[in-house]
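Asker: coords please:
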Amino acid sequence: MPFSRPSSERGARPISSKRAAHPECLGPESLDKIAYFETLRAYGGKIFCLDRHLERLEESCRAALDALPIGKSELGRRLTRSLAESGLAEAVLRVSVSWEDEKKGSAIVMVREFKPRDPELYRKGIELRTAVMRRWGFRAQDPKIKASQFMNGVLAFLDKGDAPADELLFLGQNGVVAEGSISNIFIVREKRLLTPDTASGILRGVTRGLVTELAQKRKIPFVETLLTRHEIYNANFFVKHQN
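Answerer: Below is the predicted model:
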């Protein structure tokens, strides 16, 4: 990782990649805690939809009866400062927040260079497979909470074995399409833009919300609905999106 910055209420200084090998903020006492996080994309030195990501992070914390250990404005400044100090124009940032106790919390900001995918994937498309595992139901975990448990996605990729796949399509407990392992899904069918409804058990993606707003502004027929796997594989056009 070319650059990282651990932050807390007491403040922190940047750490080099050498120091990042064993930063105090990643000690055993912190790794066994649940953290809430956001992954953000920077274009030309500007963080995409920073305010929306911070709002979702705050909502994730509130849903678990926690509060951000650092104010949104201050956290936004730390993200912006970390990006500037990294010297990267095209970057991916991750901010994770957790708590040591009821009064003491911390935030860790990490920045790395963005590595674009092979341009051929945009021309030819990706290999999509349906995950054998299902997305957790609402009674297991609220999908609106973006927390650090990725076991559902990890096990799904392990289960696929050597089968080629750029992304996995997750179905919900009721058998309808939910989302990709790290992406939201849109399809075009009969000149309409369709995407799974939040009732399907999906994360309310930041970019997903922006796409829906753009569709409305451009008067593109748009529907949030329950989609079946059959509809995905028989769509006129399929799009997955992630930052």
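
Asker: so what's Asp197 up against?
Answerer: Asp197 makes contact with Glu224, Thr225, Leu226, according to CB atoms under 8 Å, 6 or more residues apart in numbering. Placement of C-beta: from N, CA and C, glycine included.

Asker: For it, grab phi and psi.
Answerer: With angles defined as degrees, to the nearest 10, Asp197 sits at phi -70, psi 150.

Asker: wait, Ala89 sits on Gly45?
Answerer: Yes: the pair Ala89 and Gly45 passes the contact test of CB atoms under 8 Å, sitting 4.7 Å apart.

Asker: Is Ala42 bridged to anything, and to what?
Answerer: Ile47, Ala91 (DSSP bridges).

Asker: I figured it hits Val92, correct?
Answerer: Yes: using CB under 8 Å, Ala42 makes contact with Val92 at a distance of 7.4 Å.

Asker: Need the overlap of contacts for the two.
Answerer: Between them, Ala42 and Val92 share the contacting residues Phe114, judged by CB under 8 Å, 6+ apart.

Asker: higher neighbour count, the two?
Answerer: Shown here are Ala42 and Val92; by other CB atoms under 10 Å, Ala42 has more neighbours (22 against 16).

Asker: how far away is that one from Leu169?
Answerer: Distance, Ala42 to Leu169, by CB to CB, to the nearest Å: 28 Å.

Asker: check contacts around Leu227.
Answerer: So Leu227 contacts Val176, Val177, Ile185, Ile187, Leu194, Thr195, Pro196, Ser200 (CB under 8 Å, 6+ apart).

Asker: Likewise for Pro221?
Answerer: Lys191, Arg192, Leu193.

Asker: and of those, the nearest to Arg134?
Answerer: Among those, Leu193 lies closest to Arg134 (CB to CB), at 25.4 Å.

Asker: how deep is that closest one tucked in, by neighbour count?
Answerer: By the criterion of other CB under 10 Å, Leu193 has 20 neighbours.

Asker: show me the residues around it that make contact.
Answerer: Counted by CB under 8 Å, 6+ apart, Leu193 has contacts Phe186, Ile187, Ala215, Ile220, Pro221, Phe222, Val223.

Asker: Quick check: bridge partners of the closest residue to Gly205 other than its chain neighbours?
Answerer: Nearest residue to Gly205 in three dimensions, chain neighbours excluded: Asn184, at 4.2 Å (CB to CB, 6 or more residues apart in numbering). In this entry, Asn184 is beta-bridged to His241, by DSSP bridges.

Asker: Tyr36 now?
Answerer: Val97, Ala147.

Asker: Could you measure from it over to Ser98?
Answerer: Distance from Tyr36 to Ser98, by CB to CB: 8 Å.

Asker: With Ser181 instead?
Answerer: 23 Å.

Asker: cool, and Val176?
Answerer: In terms of CB to CB, Val176 sits 33 Å off from Ser98.

Asker: So which residue is dead centre in the protein?
Answerer: In the chain, the C-alpha nearest the mean C-alpha coordinate belongs to Thr39, at 5.3 Å (CA atoms, centre = their mean).

Asker: Return the per-residue confidence for that one.
Answerer: On pLDDT, Thr39 comes in at 94.

Asker: Ok, the one 5 residues further on next?
Answerer: Residue-level confidence at Gly44 comes out at 97, pLDDT.

Asker: That one: what's it in contact with?
Answerer: Neighbouring residues of Gly44 by CB under 8 Å, 6+ apart: Ala89, Glu90.

Asker: Find the nearest non-adjacent residue to Trp99, please.
Answerer: Distance criterion CB to CB, 6+ apart; nearest residue to Trp99, sequence neighbours excluded, is Gly105 at 4.2 Å.

Asker: burial of the one you found, as a residue count?
Answerer: The burial count for Gly105: 19, using other CB under 10 Å.
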